[in-house]
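> next come a sequence and a model predicted from it.
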Amino acid sequence: MKNILVLCTGNSCRSQIAHGYLKTFAAEKANVYSAGVETHGVNPRAIATMLEDGIDISNHTSNNVLEYTGIDFDFVITVCDHAKEVCPYYPSNAQKFHYNFPDPAKAVGTEEEINRSFAEVREMIKKYCLQFVKENI
């Protein structure tokens, strides 16, 4: 069983979406965790956009990366540049991956435009996670 950690700045949107997809795609083959260098709470729009794709992340919590220092991770995936730059060093042999997804929480405009931004980022993350699982798990 592989251990995967997904990191973002606030563990609110992108890392939560990736957590949901990785858990779904890796199923019984991996334990998936997500965390932030800060904790901002799970964004309600992230929950809503995942429900639109049939994945319920409403029970996720926003966790700080330091909560997981005792876990030996096989993979650490950063999903924003800020987390990659300021994440504390983990003394492990984890393979590190990085992709800087746009932050849908910063979207502005009408409700429809903001929801479309969340859906677009969700689809980007979904594609990335599916490919990651195919290649690594």
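All right, it came through fine.
> any idea which residue sits dead centre in this protein?
Centroid-nearest residue in the chain: residue 15, 1.8 Å away (criterion: CA atoms, centre = their mean).
> with adjacent residues omitted, what lies nearest to that one?
residue 8 (3.6 Å; CB to CB, 6 or more residues apart in numbering). Quick note: C-beta positions are derived from backbone N, CA and C, even for glycine.
> pLDDT value on the one you found, please?
According to the prediction, residue 8 has pLDDT 90.
> that one reaches residue 36, doesn't it?
Yes. Using CB atoms under 8 Å, residue 8 makes contact with residue 36 at a distance of 5.4 Å.
> could you pull out the buried residues of the strand or helix carrying residue 77?
Using DSSP states H and E, residue 77 sits within strand 75-78. By neighbour count on 16 or more other CB atoms under 10 Å, the buried set for strand 75-78 is 75, 76, 77, 78.
> tell me, how many residues neighbour the closest residue to residue 94 other than its chain neighbours?
In this structure, residue 94 finds its nearest non-sequential neighbour in residue 73, 4.3 Å apart by CB to CB, 6+ apart. The number of residues packed near residue 73 is 19, by other CB atoms under 10 Å.
> so for residue 73, what's the pLDDT?
Here the pLDDT value assigned to residue 73 is 93.
> longest helix of the protein?
Ordering each helix of the chain by length in residues (DSSP state H) puts helix 111-136 first.
> tell me the mean pLDDT over that helix?
pLDDT averaged over helix 111-136 gives 97.
> now do that helix: which elements does it pack against?
Under the contact criterion of 3 or more CB pairs under 8 Å, 6 or more residues apart in numbering; DSSP states H and E, helix 111-136 touches helix 14-26, helix 44-52.
> can you tell which of these is closest to residue 93?
Nearest to residue 93 among the helices and strands packed on helix 111-136 is helix 14-26; the distance by CB to CB comes to 19.2 Å.
> the helix or strand bottoming out on mean pLDDT in the chain: what's the following helix or strand?
In the chain, no helix or strand scores lower on mean pLDDT, DSSP states H and E than helix 81-86, which sits at a mean of 65. Sequence-wise, the next helix or strand downstream of helix 81-86 (DSSP H and E) is strand 95-98.
> many thanks, we can stop here.
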